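[1] how would this look folded up:
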Amino acid sequence: MVPNDAPLRLILDGTALVSNWRWLSDKAGVPAGAAVKADGYGLGAREVSRRLAEAGCRDFFVATWAEADALGSLPFGAALSVLHGVREEDMAAALASRARPVLNTPAMVARWKAAAPGRPCDVMVDTGMNRLGLSIAEAASGLLDGLEIDLLMSHLACGDEPASAMNEQQRVRFADVASRVGAQRYSLANSAGACLGPDYGFDLVRPGVGLYGGLPRAEAAGHIAQVVRIEAQILQVRDVPAGDTVGYGATFTVGGATRIAILNLGYADGYLRAFAGHGLALHEGVACPLAGRVSMDLIAVDIGKAPVEEGGWLEIAYQLESTAAATGLSQYELLTGLGSRYQRGWTD
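    Purely as a prediction, here's the structure:
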């Protein structure tokens, strides 16, 4: 448990989270579920799920049975699916859980048929990504006969690419397999796929990064709101004369005498070394550039004449799209890499 007086905090906007979920659903023209794997993309799966369930979300997705167990029961009769399916080692947990496995291989299908006849499941079909899922031939072969399939799904490989012919190829392939395999519902699109509109919606979209403030495609610009803000406490303020250096490797030389603030943030918190030369702290909207390398637990920023002192707080610039472009990190990495030392607080 992170103490409430921790020197590092995430301020999470629940209203923005729900707004993003609603926009993605509206854009796709069908209900939206929510991917809450990786502990809600680093924000806290329980808090994310509760807010979305209260807003009307009824389908949630995690990666593993350990994540399903950590999430616990969902309110309002919402359903939970485990994307990585059921290994032999997972069967005890799966049978004890209300969550549905997403069956990805013939072995998983056989395992579920033998252990849980008549119990609902989901099935993933590979339509071109060559990651998890049955082949189309396997899915249409009769292998799935006798299963109670709630959700038949696939996953777009290039949904976030500006113009990829593969999206349409996968949509056509999925529509074909959906016409041959019976299920209660069908789902193809993630956040980026939802932005492609109703042709990709089928019965349900499964957004992830778009919920949390990531911009999955250009169509979402102006509609997806920032959910995550970082604030770090100032541990020390230093007066540094011109010509002195700051940080490991002496890579940053002070041009003119200035003030340097040392903040409680580093690569152990997901603020990676790629931020060197790009990172900014903000004081009342004024940018304070990162000075030198990112350490494991600390960064230094040039605050100039900003009226801040030891014990004060600075916001860290962390808008996902622009930060990804500046650092070369993906929006997914920026979210899921956030560590356990942040005090997480929600505003609604």
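
[2] Now do Met1 against Gly33, distance only.
    Remark: distance between Met1 and Gly33 (C-beta to C-beta, to the nearest Å) = 29 Å. Any C-beta I mention is one placed from the backbone N, CA and C, and that applies to glycine too.

[3] just Ala257 next, same as before
    55 Å.

[4] now do Leu334
    Distance, Leu334 to Gly33, using C-beta to C-beta: 23 Å.

[5] more neighbours, Ala257 and Gly33?
    Of the pair Ala257 and Gly33, Gly33 is the one with more neighbours under other C-beta atoms under 10 Å, namely 26 against 11.

[6] nearest spatial neighbour of the more buried one, skipping sequence neighbours?
    Distances taken as C-beta to C-beta, 6 or more residues apart in numbering place Asp59 nearest to Gly33, at 3.2 Å, with adjacent residues excluded.

[7] Please name the bridge partners of the one you found.
    Note on Asp59: beta-bridge partners Ala79, judged by DSSP bridges.

[8] Could you double-check that it lies in contact with Ala35?
    No: with contact defined as C-beta atoms under 8 Å, Asp59 does not reach Ala35; the gap is 9.9 Å.

[9] show me the residues around the residue at minimal distance from the centre of the chain that make contact.
    Computing the C-alpha centroid of the chain and ranking residues by C-alpha atoms, centre = their mean puts Tyr41 first, at 3.4 Å. Under the criterion of C-beta atoms under 8 Å, 6 or more residues apart in numbering, the contact list for Tyr41 reads Ala35, Val48, Gly208, Val209, Leu211, Tyr212, Tyr332, Leu335, Thr336.

[10] Show me the contact partners of the lengthiest strand in the chain.
    Longest strand in the chain by number of residues (criterion: DSSP state E): strand 228-240. Residues outside strand 228-240 that contact it (C-beta under 8 Å, 6+ apart) are 7-13, 43, 212-213, 246, 254, 257-265, 271, 281, 298-299, 303, 308-316, 318, 320, 335, 338, 342.

[11] If I look at Val2, what pLDDT would I see?
    Per-residue confidence (pLDDT) for Val2: 81.

[12] sec struct for it, please.
    coil (DSSP: H, G, I helix; E, B strand; the rest coil).

[13] Can you report how many residues lie near it?
    Residues near Val2, counting by other C-beta under 10 Å, number 14.

[14] rewinding a little: return every residue with contacts to both of Asp59 and Ala35.
    In contact with both Asp59 and Ala35: Arg206, using C-beta under 8 Å, 6+ apart.

[15] domain ranges for this structure?
    For the chain, automatic domain parsing gives the domain ranges 14-219, 228-318.

[16] Out of those, flag the one nearest Gly328.
    In terms of C-beta to C-beta, the element of these nearest to Gly328 is domain 228-318, at 5.8 Å.

[17] Of the contacts of strand 228-240, which belong to strands?
    8-13, 246, 258-263, 281, 299, 313-316.

[18] about what we covered before: how about the contacts made by the closest residue to the residue nearest to the centre of the chain other than its chain neighbours?
    Nearest non-adjacent residue to Tyr41, counting by C-beta to C-beta, 6+ apart: Leu335, 4.4 Å away. By C-beta under 8 Å, 6+ apart, the residues touching Leu335 are Tyr41, Gly42, Leu43, Val209, Tyr212, Gly214, Val228, Leu320.

[19] Same question for Gly345.
    Residues near Gly345 by C-beta under 8 Å, 6+ apart: Arg9, Leu10, Ile11, Leu12.

[20] which SSE is it in?
    Per DSSP states H and E, Gly345 falls inside strand 343-347.

[21] Leu152 is in what secondary structure piece?
    strand 149-153.

[22] partners of that strand, with directions?
    Assessed with DSSP bridges, strand 149-153 is paired to strand 121-124 (parallel), strand 185-187 (parallel).

[23] can you list those strands in JSON lines and add mean pLDDT and distance to Leu151?
    Listed next are those as JSON lines, based on pLDDT from 0 to 100; distance: least, C-beta to C-beta, whole Å:
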{"stretch": "strand 121-124", "mean pLDDT": "98", "distance to Leu151": "4"}
{"stretch": "strand 185-187", "mean pLDDT": "98", "distance to Leu151": "5"}
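
[24] residues near Tyr271, how many?
    Residues lying near Tyr271 (other C-beta under 10 Å) number 28.
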